[in-house]
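Enquirer: I would like to see how this sequence folds:
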Amino acid sequence: MEFELKDRERLDDLEISGLHIIQSPDKFCFGMDAVLLSGFAYAKKGSRVIDLGTGTAILPLLLWAKTEGEHFTGLEIQAESADMARRSVKGNEISNIDIVEGDIKAVEDLFKRNSFDVVTSNPPYVISEHGIANPDAPKQIARHEILCNLEDVVKAASYLLKANGRFFMVHRPFRLPEIFENLRKYRLEPKRMRLVHPQIDKEPNMVLIEAVKYGNPRLTIEKPLIVYDENKKYTEEMMRDYRY
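Expert: Numbering: from 1, shown residues only. A predicted model of the protein is given here:
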């Protein structure tokens with residue numbers, strides 16, 4: 001495998017299926033939330049999967065390694081991130097991952113309606129007016145709702161999914177009322193939820209959600225996921241099921 005690296009980029013070993021990913025500390029590197037989502041989401045054999053706001057394609061790469069999905073697409077609006085994603089896919093010699101540069105708010109111009117079985121997203125968490133230092137900086141765009149908001153992501157997921165298709169998302173617990181409101185507005189029924197706690201005595205700081213297009217109302221709340229034990233080491237479950 002050969003990877004084309006540009007100035008101030010690095011190549012990180014994902015420690016699964018021999019995969020590597022190109023990242024730039026100056027831009028935005030993937031975090032634990034993406035890894036957790038890759039362990040929570042699933043794609044059955046033959047599924048077509050799209051990741052909205054894919055960054056450098058961490059989710060398509062991990063889902064390619066972890067699931068039986070047939071084809072994976074990453075949609076990314078930032079040209080530099082999309083370029084790194086394409087070079088990572090090429091360097092890993094993967095033929096069934098495509099990277100599309102485009103806007104989540106313009107999915108109708110990019111893809112056919114009802115064309116995917118699974119949609120994933122690790123969207124910006126922070127409401128746009130909160131603490132933006134530079135609205136054009138890649139890290140700010142990834143973290144703040146500058147170029148898209150929660151409703152944009154949910155609306156796009158609903159458009160892209162087939163009937164009974166599944167939407168997997170990681171977000172912040174404090175926005176759960178808004179998340180559920182938007183999911184139901186766009187006919188995505190919440191079916192499974194898991195809260196993530198940094199430690200057993202700390203409040204949750206992430207939530208993993210699965211919703212089904214046109215699904216029947218019934219929500220399963222899974223037992224909490226604890227990331228670190230009392231010694232600040234990964235818990236056994238994190239090591240077994242969620243680390244890449």
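Enquirer: and the longest helix seen in the chain, what's buried?
Expert: As assigned by DSSP state H, the longest helix anywhere in the chain is helix 79-91. Under the neighbour-count criterion of 16 or more other CB atoms under 10 Å, helix 79-91 has 80, 81, 82, 83, 84, 85, 86, 87, 88, 89, 90, 91 buried. Quick note: C-beta positions are derived from backbone N, CA and C, even for glycine.
Enquirer: residues in contact with the third one?
Expert: Meaning residue 82. Residues near residue 82 by CB atoms under 8 Å, 6 or more residues apart in numbering: 74, 76, 99, 100, 101.
Enquirer: which ones among those are found in strands?
Expert: For these, the ones inside strands are 74, 76, 99, 100, 101, with DSSP state E as the criterion.
Enquirer: the bottom helix or strand of the protein by mean pLDDT?
Expert: helix 138-143 (a mean of 50; mean pLDDT, DSSP states H and E).
Enquirer: next SSE after that helix?
Expert: Note on helix 138-143: by DSSP states H and E, the next helix or strand toward the C-terminus is helix 150-160.
Enquirer: list the helices and strands that next one packs on?
Expert: The contact analysis (3 or more CB pairs under 8 Å, 6 or more residues apart in numbering; DSSP states H and E) places helix 150-160 against strand 48-52, helix 107-110, strand 116-121, strand 161-171, helix 176-185, strand 188-197.
Enquirer: now do it: distance to the chain's middle.
Expert: 13 Å (CA atoms, centre = their mean, to the nearest Å).
Enquirer: and if you look at stretch 72-86?
Expert: 13 Å.
Enquirer: show me where pLDDT drops low in the chain?
Expert: 125-147, 243-244 (pLDDT under 70).
Enquirer: at 80 what do you get?
Expert: 124-148, 241-244 (pLDDT under 80).
Enquirer: kindly reformat the helices and strands packed on helix 150-160 as JSON lines containing mean neighbour count and distance to residue 221.
Expert: Shown next, in JSON lines, are those (neighbours: other CB atoms under 10 Å; distance: least, CB to CB, whole Å):
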{"stretch": "strand 48-52", "mean neighbour count": "26", "distance to residue 221": "24"}
{"stretch": "helix 107-110", "mean neighbour count": "15", "distance to residue 221": "30"}
{"stretch": "strand 116-121", "mean neighbour count": "26", "distance to residue 221": "20"}
{"stretch": "strand 161-171", "mean neighbour count": "22", "distance to residue 221": "15"}
{"stretch": "helix 176-185", "mean neighbour count": "16", "distance to residue 221": "11"}
{"stretch": "strand 188-197", "mean neighbour count": "20", "distance to residue 221": "5"}
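Enquirer: for these, give me TSV that also has distance to residue 151.
Expert: Output for the helices and strands packed on helix 150-160, formatted as TSV (distance: least, CB to CB, whole Å):
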stretch	distance to residue 151
strand 48-52	13
helix 107-110	13
strand 116-121	12
strand 161-171	13
helix 176-185	5
strand 188-197	12
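Enquirer: nearest to residue 228, of those?
Expert: strand 188-197 (9.0 Å; CB to CB).
Enquirer: between helix 176-185 and that closest one, find me the angle.
Expert: Using axes from the mean of the first three to the mean of the last three CA atoms, to 10 degrees, the direction of strand 188-197 lies 160 degrees away from that of helix 176-185.
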